[in-house]
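> Sequence first, predicted coordinates after that:
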Number of protein chains: 2
Amino acid sequence: MSAQAVAELAGVSRSAVSRAFTPGASIAPATRARVREAAAALGYQVNDLARGLLANRSRLVGLVTSDADTPFRAQMISALSYALIERSNVPAIINIGPTSEDVANASRQLLRYRAEATIFLSGSPPASLVEVTRRNGQPLILVNRAETGLDSVHCDDRDGAQQAFEALRMAGASRFAVINRANPSPSLSAREHAFVESAAASRFETKIVRVGRADYGGGKEAARQLLASGPAPDAVFCVNDLMAFGTLDHIRGAGLRVPDDVSVIGFDDVPVAAWSSYRLTTLRQDPRRIAREVVSILDRRLADPDLPPISVYFPVELVVRETVRARL
Amino acid sequence: MSAQAVAELAGVSRSAVSRAFTPGASIAPATRARVREAAAALGYQVNDLARGLLANRSRLVGLVTSDADTPFRAQMISALSYALIERSNVPAIINIGPTSEDVANASRQLLRYRAEATIFLSGSPPASLVEVTRRNGQPLILVNRAETGLDSVHCDDRDGAQQAFEALRMAGASRFAVINRANPSPSLSAREHAFVESAAASRFETKIVRVGRADYGGGKEAARQLLASGPAPDAVFCVNDLMAFGTLDHIRGAGLRVPDDVSVIGFDDVPVAAWSSYRLTTLRQDPRRIAREVVSILDRRLADPDLPPISVYFPVELVVRETVRARL
DNA sequence: ATTGTTGTTGCAATGCTGTGCAACACGATT
DNA sequence: AATCGTGTTGCACAGCATTGCAACAACAAT
């Protein structure tokens, strides 16, 4: 299984074996054929680990994420792994819990494997890691998360939130609410704030409800609290689709009609949003687009490590379905 | 960043550096401390690639899958990556398309990286791969897919389908249908056949509808065909949840009531099945359980490569919700 | 003082591949 | 026939870490 064995079988030196598998290397066609034959007979495959050791490039790319089973994350992981494989990288997925200790562990792991780059889908790399990776020339790319001095690609959260407000306002809404989770990521936080500010700019108040988890159950719980306290809103902006589904189900369960009594907007546009039971109006961010941007940054960064930090924003798109009242 | 640099800074040999990071190695505590200090100053991390080269163990485990963004797959990937990281492996996700060429490419990739093992979530490894991996002592584990001579873990598809039939029969159904996709995987196929056989054993016929894709849209399309041709069934078994959601939405959209007019059962129990809009009765297979079994097989197989093929079946559990009529 | 024991440390080999350099063979040219 | 050029091939080193073995120092025991 090693090049040595192939060399012996083919009656050549080990170098010849290496060259037989290196395009454009100086080797006689006959020899190459003989070596390849021997390799096939032995089931030999180049050892990319050893190759990476020599080239100081492992082709491994770390994908650090939490909640990998969540729809949007799953789409991101899928799209990114596709794009990376296309680039002949090997995506290693590091599933972390919420603690920063996990992040540190994961990062160390990737460091030890000399990952060619690391992509953070959630959580932020600790400062110590940033230092070390920079020194080792291992790019760090953040998705939907800004950090000064680091490369990142994010959707325009603020613009999305503004679009949400506009859409709700156009539908004639006047009692606004936003549903978020208690310890929001920077991205979720930006959505909330931008929405509140947009409303304020038009002299509307916004009721804010924050719950433990940013998932379906969280959305339900938030909607319950919202309906239980004071006058019911007629427009709810949920910072992600999952919470929007929970919100919708609770609102409908409570006997209110969507969108007649209350309009709901989500964020992400996960596949379920298009299903007949929901038909959720939402802001789309395209995982494949994000993946493309990430890979593009990766290429540029590897080509020139001294480039100033690259930060790509891309627009989100309002997908109009049926949870926002049509214009009067 | 190499052990050499650390050795020089600490004024010791490279061996000492290695021992400083190897638990239980013969080294003076003072030396170890000094080396660790130097390492910290330089931001040195052991190169696991080189270590793996020597030990002939890369700790890399391949996860071969298609449709990684699909709910059940995403859950599997998440659960497996957790379990593997726990075991201090590095899960590499290889996202493949439907073509067998993709599978071959992916496999080769893993081979070249000397993956410690490869787990197939979809697709079957080509015979050539099986041969080579066996020779190299790289275990191959299949999930929900049987192949003689290979290790595998699967849920009891046949039993699940029988439970589905029983439940529908108990609800008083008499006009049965099963919804599947056109080129079903062995697992989906087993579910269909077992259901049909159960029905036949009780002298019922089953209408079979097969559509292109095993997703929400496929389920919708299948339901459309089902309602368009002949008398409507009063019980539908969908071979996975995604198709069940599509089926439910189409049936309801057509003005029929679930479960009063027609009962529906799915398979997998993905999170959405529990949501208020669906409340789908389904057969649960637990991704974490599967992940545990896979890791357990992995341990045993690595401990003894000559063990006869291990094949683990685990039961599926009927989760009763509200898409099957309560017993009369 | 000599021998033995114990604990540390370095040397050198090992695992696997890529590649610069030099050697070599062979045909072509003068 | 001598020289040159060209294409092929092997040697040896680099890249990084682990580990058996031997050397060595320090200390205890006789």
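Happy to help now that I have it. Residues are numbered from 1 along each chain as shown, chains lettered A, B, ... in the order given.
> all contacts plus neighbour counts: C-alpha atoms, from now on.
Noted.
> elements contacting the helix or strand hosting A:D299?
Using DSSP states H and E, A:D299 maps to helix A:287-303. Applying 3 or more C-alpha pairs under 8 Å, 6 or more residues apart in numbering or on different chains; DSSP states H and E, we find helix A:287-303 packed against helix A:71-86, strand A:151-155.
> The residue nearest to A:A50 when sequence neighbours are not counted in helix, strand or coil?
Take A:A50 and drop its neighbours on the chain: the residue closest to it by C-alpha to C-alpha, 6 or more residues apart in numbering or on different chains is B:L53, 6.6 Å away. Three-state call for B:L53 (DSSP: H, G, I helix; E, B strand; the rest coil): helix.
> Burial check on B:L53, number of neighbours?
15 (other C-alpha atoms under 10 Å in any protein chain shown).
> Next, the angle from the helix holding A:D299 to strand A:151-155.
Helix A:287-303 and strand A:151-155 are oriented at 160 degrees to each other (axes from the mean of the first three to the mean of the last three C-alpha atoms, to 10 degrees).
> re earlier: nearest to DNA strand C, out of the helices and strands packed on helix A:287-303?
helix A:71-86 (18.7 Å; C-alpha to the nearest atom of the strand).
> any residues touching that closest one, and which ones?
The contact list for helix A:71-86 (C-alpha atoms under 8 Å, 6 or more residues apart in numbering or on different chains) reads A:61, A:63, A:67-68, A:90-91, A:121, A:268, A:270, A:287-288, A:290-292, A:295, B:67-71, B:74, B:93-95.
> Mind telling me what element A:S189 is part of?
Judged by DSSP H and E, A:S189 forms part of helix A:186-201.
> which outside residues touch the helix holding A:D299?
A:75-76, A:79-80, A:83-84, A:117, A:139, A:141, A:151-154, A:307, A:310, A:312.
> Just the CA trace of that helix, in PDB.
Extracted in PDB, the C-alpha atoms of helix A:287-303 (Å, rounded to 0.1, in the frame of the first residue of the first chain):
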ATOM      1  CA  PRO A 287     -26.700  29.100   1.500                       C
ATOM      2  CA  ARG A 288     -25.200  28.400  -1.900                       C
ATOM      3  CA  ARG A 289     -24.400  32.000  -2.400                       C
ATOM      4  CA  ILE A 290     -22.800  32.200   1.000                       C
ATOM      5  CA  ALA A 291     -20.800  29.100   0.300                       C
ATOM      6  CA  ARG A 292     -19.500  30.600  -3.000                       C
ATOM      7  CA  GLU A 293     -18.500  33.800  -1.200                       C
ATOM      8  CA  VAL A 294     -16.700  31.800   1.500                       C
ATOM      9  CA  VAL A 295     -14.700  29.900  -1.100                       C
ATOM     10  CA  SER A 296     -13.900  33.000  -3.000                       C
ATOM     11  CA  ILE A 297     -12.500  34.600   0.100                       C
ATOM     12  CA  LEU A 298     -10.600  31.500   0.900                       C
ATOM     13  CA  ASP A 299      -8.900  31.600  -2.500                       C
ATOM     14  CA  ARG A 300      -8.000  35.200  -2.200                       C
ATOM     15  CA  ARG A 301      -6.700  34.900   1.300                       C
ATOM     16  CA  LEU A 302      -4.600  31.900   0.500                       C
ATOM     17  CA  ALA A 303      -3.200  33.700  -2.500                       C
END
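> Can you name the residues of the stretch 101-250 of chain A that neighbour chain B?
For the stretch 101-250 of chain A, the contact set with chain B under C-alpha under 8 Å from any C-alpha of the partner chain comprises A:R108, A:L111, A:R112, A:Y113, A:R114, A:V132, A:N136, A:Y216, A:G246, A:D249.
> tell me which of these is nearest to DNA strand D?
Closest approach between these and DNA strand D, by C-alpha to the nearest atom of the strand: A:R112, at 8.3 Å.
> hang on, isn't that closest one packed against B:D48?
Yes. Here A:R112 reaches B:D48: they are 5.3 Å apart, a contact under C-alpha atoms under 8 Å.
> Pick out whichever of those two has more residues nearby.
Set A:R112 next to B:D48 and count neighbours by other C-alpha under 10 Å: B:D48 wins out with 20 against 17.
> On the pLDDT front, check that one for me.
For B:D48, the pLDDT comes out at 89.
> swap in A:P305?
88.
> Also the one 3 residues further on?
Reading off the confidence values, A:P308 has pLDDT 96.
> which stretch of helix or strand covers it?
Using DSSP H and E, A:P308 falls outside every helix and strand.
> can you tell if stretch A:19-32 touches chain B?
No. Stretch A:19-32 does not reach chain B (C-alpha under 8 Å from any C-alpha); its nearest approach is 12.7 Å.
> so where is chain A shaky, pLDDT-wise?
A:327-328 (pLDDT under 70).
> Strands of that one, residue ranges please.
A:60-65, A:90-95, A:117-120, A:140-143, A:151-155, A:176-181, A:206-211, A:235-238, A:263-268, A:281-284, A:311-314, A:317-319 (DSSP state E).
> Parallel or antiparallel, list what pairs with the fourth one.
It stands for strand A:140-143. Strand A:140-143 has the following strand partners under DSSP bridges: strand A:117-120 (parallel), strand A:151-155 (parallel).
> CA atoms only for the first one, dumped as CSV, please.
The one in question is strand A:117-120. Only the C-alpha atoms of strand A:117-120 are listed here, as CSV (Å, rounded to 0.1, in the frame of the first residue of the first chain):
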residue,chain,number,x,y,z
ALA,A,117,-8.5,27.0,6.8
THR,A,118,-11.3,27.1,9.4
ILE,A,119,-14.8,28.4,8.8
PHE,A,120,-16.9,29.4,11.8
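> I'd like the distance from that strand to the chain centre, please.
11 Å (C-alpha atoms, centre = their mean, to the nearest Å).
> do the same with the longest one
The gap between where strand A:151-155 is centred and where its chain is centred comes out at 10 Å by C-alpha atoms, centre = their mean.
> which outside residues touch it?
Applying C-alpha under 8 Å, 6+ apart, the external contacts of strand A:151-155 come out as A:140-146, A:285, A:290, A:293-294, A:297, A:309-316.
> restrict these to those near DNA strand C?
Applying C-alpha under 7 Å from any atom of the strand, the subset of those adjacent to DNA strand C is empty.
> In ChimeraX, how would I select just the buried ones from the residues you listed?
Only the buried entries of those go into this ChimeraX selection, using 16 or more other C-alpha atoms under 10 Å in any protein chain shown:
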select /A:140,141,142,143,144,145,146,285,290,293,294,297,309,310,311,312,315,316
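> what's the closest of the helices and strands packed on helix A:287-303 to B:A171?
helix A:71-86 (33.2 Å; C-alpha to C-alpha).
> Run the angle between the closest one and strand A:60-65 for me.
Going by the same axes, to 10 degrees, helix A:71-86 makes 180 degrees with strand A:60-65.
> Let's have the strands paired with strand A:140-143 in CSV, adding mean neighbour count and distance to DNA strand D.
Formatted as CSV, the strands paired with strand A:140-143 follow (neighbours: other C-alpha atoms under 10 Å in any protein chain shown; distance: least, C-alpha to the nearest atom of the strand, whole Å):
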stretch, mean neighbour count, distance to DNA strand D
strand A:117-120, 24, 17
strand A:151-155, 22, 25
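> I'd like the ones you listed laid out as a markdown table, including distance to DNA strand C.
A markdown table is the format used below for the strands paired with strand A:140-143 (distance: least, C-alpha to the nearest atom of the strand, whole Å):
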| stretch | distance to DNA strand C |
| --- | --- |
| strand A:117-120 | 20 |
| strand A:151-155 | 29 |
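> Quick one: closest of those to B:Y44.
strand A:117-120 (17.1 Å).
> And the contacts of that closest one?
Residues contacting strand A:117-120 (C-alpha under 8 Å, 6+ apart): A:60-65, A:110, A:138-143, A:298.
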